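Engineer: please work out how this folds:
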Amino acid sequence: MTKEKKVIFTENAPAAIGPYSQAIAWNDLLLISGQIPVNPSTGEIPTDVQEQTHQVLKNLGAILEQAGCSYHNVLKTSVFIKDMNDFAKINEVYAQYFKENPPARACVEVARLPKDVLVEIEAIAGLK
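Structural biologist: All right, here's what the predicted structure looks like:
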């Protein structure tokens, strides 16, 4: 258990594009900043919403791994999408990462996301 704020960083997820950390460990929680579908190796962003969702969840997974966690530890996510018409396509991919006992979740349509991506996901996880 972390008694003080600890910054979590991995090169296997995109670096922050502003004054924030990829994630913060605090006590028994891991607070993960919104992840967008930037490939950390190439900087590329897929154009398809399902490919973007896969990349977002891979980035989220890399941060979870760096903190010693997995998708199983995720307690809640917030999903921000550009178009609510993509809800089913995003859910199809999301369900592949959260197969059993999925976390609590909010999903909202937003006017615009960083780098004009189609999906962004933030998460709160319990630390082991």
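
Engineer: for the helix or strand harbouring residue 79, name the packing helices and strands.
Structural biologist: Counting by DSSP states H and E, the element that carries residue 79 is strand 74-81. Counting contacts by 3 or more CB pairs under 8 Å, 6 or more residues apart in numbering; DSSP states H and E, strand 74-81 packs against helix 87-97, strand 104-109, strand 119-126. Bear in mind the C-beta positions are built from the backbone N, C-alpha and C, glycine included.

Engineer: which of these sits most buried?
Structural biologist: strand 119-126 (a mean of 22; mean count of other CB atoms under 10 Å).

Engineer: distance between that one and the chain's centre?
Structural biologist: 4 Å (CA atoms, centre = their mean, to the nearest Å).

Engineer: just to revisit the earlier point, contact partners of the strand holding residue 79?
Structural biologist: 34, 64, 87, 90, 94, 98, 103-110, 113, 118-126 (CB atoms under 8 Å, 6 or more residues apart in numbering).

Engineer: let's go with 6 Å and repeat that
Structural biologist: 103-107, 109-110, 119-126 (CB atoms under 6 Å, 6 or more residues apart in numbering).

Engineer: which stretch among the helices and strands packed on strand 74-81 comes nearest residue 70?
Structural biologist: Checking those against residue 70 by CB to CB gives strand 119-126 as the closest, at 8.7 Å.

Engineer: contacts for the closest one next, please.
Structural biologist: Residues contacting strand 119-126 (CB under 6 Å, 6+ apart): 28, 30-32, 34-36, 52-53, 56, 60, 69, 73-81, 90, 113.

Engineer: out of these, which are buried?
Structural biologist: Listed as buried from the contacts of strand 119-126 are 30, 32, 34-36, 52-53, 56, 60, 69, 73-74, 77, 79-81, 90, 113; burial here means 16 or more other CB atoms under 10 Å.

Engineer: what bridges to residue 107?
Structural biologist: Beta-bridge pairing for residue 107 (DSSP bridges): residue 79.

Engineer: and the helix or strand that contains residue 62, what's buried?
Structural biologist: Per DSSP H and E, residue 62 falls inside helix 49-66. By 16+ other CB under 10 Å, the buried positions in helix 49-66 come out as 49, 52-64, 66.

Engineer: thanks a lot, see you next time.
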